[in-house]
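Student: Here is a sequence together with a model predicted from it:
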Protein chains: 2
Amino acid sequence: MKEEVRVFAPATVANVAVGFDILGFAIGAPGDEVVARRSGAPGLRIVEVTGDGGKLPYVVEKNTAGFAAARFLEQLGETDVGIELEIHKRMPFGSGLGSSAASAAAGVMAVNALLGMPATKLESLHCAVLGEQIADGAYHADNVAPSLLGGIILIRSNEGLDVHSLPIPDELYAAVVYPHVSILTKDAREVLSPATTLRQSIQQCGNIAGLVVGLYESDYSLISRSLEDVIIEPQRSQLIPGFGEVKRAALAAGALGCSISGAGPSVFALCKGAACAQEAAKAMGAAFDRFDIPNDTYASPINREGAKVIASR
Amino acid sequence: MKEEVRVFAPATVANVAVGFDILGFAIGAPGDEVVARRSGAPGLRIVEVTGDGGKLPYVVEKNTAGFAAARFLEQLGETDVGIELEIHKRMPFGSGLGSSAASAAAGVMAVNALLGMPATKLESLHCAVLGEQIADGAYHADNVAPSLLGGIILIRSNEGLDVHSLPIPDELYAAVVYPHVSILTKDAREVLSPATTLRQSIQQCGNIAGLVVGLYESDYSLISRSLEDVIIEPQRSQLIPGFGEVKRAALAAGALGCSISGAGPSVFALCKGAACAQEAAKAMGAAFDRFDIPNDTYASPINREGAKVIASR
């Protein structure tokens, strides 16, 4: 029996240009860490939170990771077990990289691992989504599912968590840049028109279907042609200073496609090959530099593991 | 060198519930036949048209099959070769089963086969789409591509004919019922609102992506869950008397899903297994019978061959 586990859950890119609310993938870094430790006193407690600038509550029912872990313990019928949680935020809030989703995924995974994995990751997903919901307001798995499960995840329907792992072509890499500007998820949602045209809807359907085929066939050219968001990006990109220039820089560096990560302000690119991803990340960072916007860049393969135990005793 | 070829091109189901304008598949029957025969006199002529009730023009440039064949000969640089065409309509106009598309596909394929296949089917597709365009008004490959190529075809973008053959699960069968009521494609288009909601668009994206995954994974349950059209069917089904009852009959017979074929009035169902498809076809026909609407029913595997030579000398 384990006394303590430390879990890492990765940042994620949701929407992926053509899968608003229904598509996401995990990246190598950054990510959050949650420690779960057995305690003599029954019940779940949050005993330490770091890296949050004092913003996160210690109250289990108000904390993303705590709420998710508590619901998961209820699902297991293990509400009497004594567990202490430490939450170590290692990624920024409001970055568009699924910060709250990573905490929720890590919280559920830490408890699951501490108890010897009584549930599969998929069986624990619902609770992780509930955890993110208290931060985001919506029951959406497009960040939580890839953070927990890893890979590229299609959520056909969020309501029933109809989730599917898509194939990952061997040379598919991601580049991400997080510019230090603030966009609230709420504002990013409010800028979106609730209406689309039939023509846009047809184009988006063609592109997401094309993307899925491209992933199954490892057809990088098709993936590239399919990564064109005709609905969300034109509306949201106005919230990200320099977006047009950043996107042009990524494409000039050879990226297959480039769009907004989640609700932004982070921007992602998909690339064929590690070298291209590094070039694209560098180019996107340099473009934000030209707008005097401090930024962090990341380049990695698609993260296939999702939330995982990185230490235990 | 061949003197004469007779080509069959199958009927097709376009839209397939969740792929309006961008998805279609071919069925076993009905279909059109076109004969191409060498002639001493240079140029392309239509010498016989049957089964059309006198509706189709003999003027090459005004006839779907003729226009497509003429453009294809231009593409090949073979405008001087003497060719006579016979066009035998073996399927109804305005059925929603791609009648004009089958003629265009058969016309192009007949000329291609007569000349010894100087072009691949894919290379001839553009000309077949041009042929259907003179009947339908729009440059859409969702009937022509499956009629010519066979199988289940995704057209990511009609503009560039970015077409992709999707995998066909072994036990996937189609049932189709053609009720003898008249709907003009033009009317079926005019009933559609040019606007959709973002929510509908997201659902449709999730469903078409889910359908593609279901086809790749032979996941019949996922195929079934994905065959839900939240945009077109609710608007167009009002044009088809008894549609709700017909759909309920198909689902009660075990169909995976059921929706309108193309612009209607035909209705299709996808099924797991030949027996289920036969049951669904029968049940849909019986439902139209209860509305005193004469109808024809068809059940077949997905047609993998598309347009093909059925006789030659």
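Tutor: Okay, I see it.
Student: Can you give me the buried ones in the helix or strand that contains A:Q75?
Tutor: In this structure, A:Q75 is located in helix A:64-76 according to DSSP states H and E. Of the residues in helix A:64-76, A:T64, A:A65, A:G66, A:F67, A:A68, A:A69, A:A70, A:R71, A:F72, A:L73, A:Q75, A:L76 count as buried by neighbour count, 16 or more other CB atoms under 10 Å in any protein chain shown. C-beta here means a position set from N, CA and C on the backbone, and glycine is covered the same way.
Student: and if you look at stretch A:120-134?
Tutor: A:K121, A:S124, A:L125, A:H126, A:C127, A:A128, A:V129, A:L130, A:G131, A:E132, A:Q133, A:I134.
Student: Return the closest of those with respect to chain B.
Tutor: Nearest to chain B among these is A:V129, at 15.6 Å by CB to the nearest CB.
Student: That closest one and A:L161 touch, don't they?
Tutor: Yes. The pair A:V129 / A:L161 is scored as a contact, 7.0 Å apart, by CB atoms under 8 Å.
Student: shared neighbours, these two?
Tutor: Common neighbours of A:V129 and A:L161, counting by CB atoms under 8 Å, 6 or more residues apart in numbering or on different chains, are A:A141, A:A145.
Student: Just say helix, strand or coil for A:A283.
Tutor: Following DSSP: H, G, I helix; E, B strand; the rest coil, we place A:A283 in the helix state.
Student: oh sorry, the question was meant for A:I27
Tutor: Classification of A:I27 by three-state DSSP places it in strand.
Student: What strand or helix carries A:C127?
Tutor: Using DSSP H and E, A:C127 maps to helix A:121-136.
Student: right, and the helix or strand after the helix holding A:Q75?
Tutor: Proceeding N to C from helix A:64-76, the next assigned helix or strand is strand A:82-88, under DSSP H and E.
Student: which parts of that next one are buried?
Tutor: Residues of strand A:82-88 classed as buried by neighbour count (16+ other CB under 10 Å): A:I83, A:E84, A:L85, A:E86, A:I87, A:H88.
Student: Same list (those) but as TSV, adding pLDDT and distance to chain B.
Tutor: Output for the buried residues of strand A:82-88, formatted as TSV (pLDDT from 0 to 100; distance: CB to the nearest CB, whole Å):
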residue	pLDDT	distance to chain B
A:I83	98	36
A:E84	98	39
A:L85	98	33
A:E86	98	36
A:I87	98	31
A:H88	98	34
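Student: List just the nearest of those residues to A:I231.
Tutor: Nearest to A:I231, judged by CB to CB, of the buried residues of strand A:82-88 is A:I87 at 34.9 Å.
Student: what about the worst-scoring helix or strand of chain A on mean pLDDT and chain B, any contact?
Tutor: When each helix and strand of chain A is scored by mean pLDDT, DSSP states H and E, helix A:185-190 comes last, with a mean of 78. No. Judged by CB under 8 Å from any CB of the partner chain, helix A:185-190 makes no contact with chain B; its nearest approach is 10.3 Å.
Student: Pretty sure A:F8 sits against A:A105.
Tutor: No. A:F8 is beyond contact range of A:A105, at 9.8 Å (criterion: CB under 8 Å).
Student: For the two, indicate the residue with more neighbours.
Tutor: Neighbours per residue, other CB atoms under 10 Å in any protein chain shown: of A:F8 and A:A105, the larger number sits with A:A105, 41 against 24.
Student: Would you check that the more buried one makes contact with A:S147?
Tutor: Yes. Here A:A105 reaches A:S147: they are 4.0 Å apart, a contact under CB under 8 Å.
Student: which residues do these two both contact?
Tutor: Common neighbours of A:A105 and A:S147 (criterion: CB under 8 Å, 6+ apart): A:A9, A:A128, A:G306, A:A307.
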